[in-house]
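Got a sequence here, can you build the structure:
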Amino acid sequence: MSIQESGEMYLESILILSKKKSYVRSVDVSEYMNYSKPSVSRAVNLLRDGGYLNIDQSGHLTLTELGREIAEKIYDRHTYISAFFVALGVDPETATEDACRIEHVISDASFQAIKNIPLDKIRVKEADA
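This next block holds a predicted model:
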């Protein structure tokens with residue numbers, strides 16, 4: 001089953017929340033993403049049915065191995081691309097917003113090429129006075 005961008009966003013959000021909390025529920029995802037509870041419930045059920053996450057009897061969400069692999073890939077792209085843009089001189093808010101869009105469509109080859117550039121070696125070109 002191929003996962004869409006929205007599914008990747010949910011998986012990434014669950015991963016981020018699981019780093020902060022001992023357990024994650026749909027309501028936590030709803031609050032974090034600022035989505036309605038019915039929308040999150042529908043997405044969570046689709047992700048469960050697709051084999052990307054598990055829901056226990058208490059409603060706690062845990063990523064499956066496949067779900068975690070996808071979430072970590074997207075999160076890695078997001079954090080690195082954000083840092084890359086900030087190193088280029090983009091303000092952090094814009095860098096984060098742009099990274100959030102790019103992380104889902106960039107090819108593995110292009111991302112790896114960007115990741116091979118050491119962030120501390122980037123020199124921002126000064127604007128002409």
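
quick one, longest helix in this protein?
Assignment by DSSP state H gives helix 65-87 as the longest helix of the chain.

What residues sit buried inside it?
67-68, 70-71, 73-75, 77-78, 80-87 (16 or more other Cβ atoms under 10 Å). All C-beta atoms are positioned from the backbone trio N, CA, C, and that covers glycine.

Could you chop this structure up by domain?
Domain assignment for the chain, taken from automatic domain parsing, gives 5-69, 71-121.

Name the next helix or strand downstream of the longest helix of the chain, please.
Counting by DSSP states H and E, the element after helix 65-87 in chain order, helix or strand, is helix 92-102.

ok and the helix or strand that comes right after that next one relative to helix 65-87, angle-wise?
Going down the chain from helix 92-102, the next helix or strand is helix 108-115, by DSSP H and E. Between helix 108-115 and helix 65-87, the angle comes out at 40 degrees (axes from the mean of the first three to the mean of the last three Cα atoms, to 10 degrees).

and helix 108-115, how far from the chain's centre?
On the basis of Cα atoms, centre = their mean, to the nearest Å, helix 108-115 sits 17 Å off its chain's mean C-alpha point.
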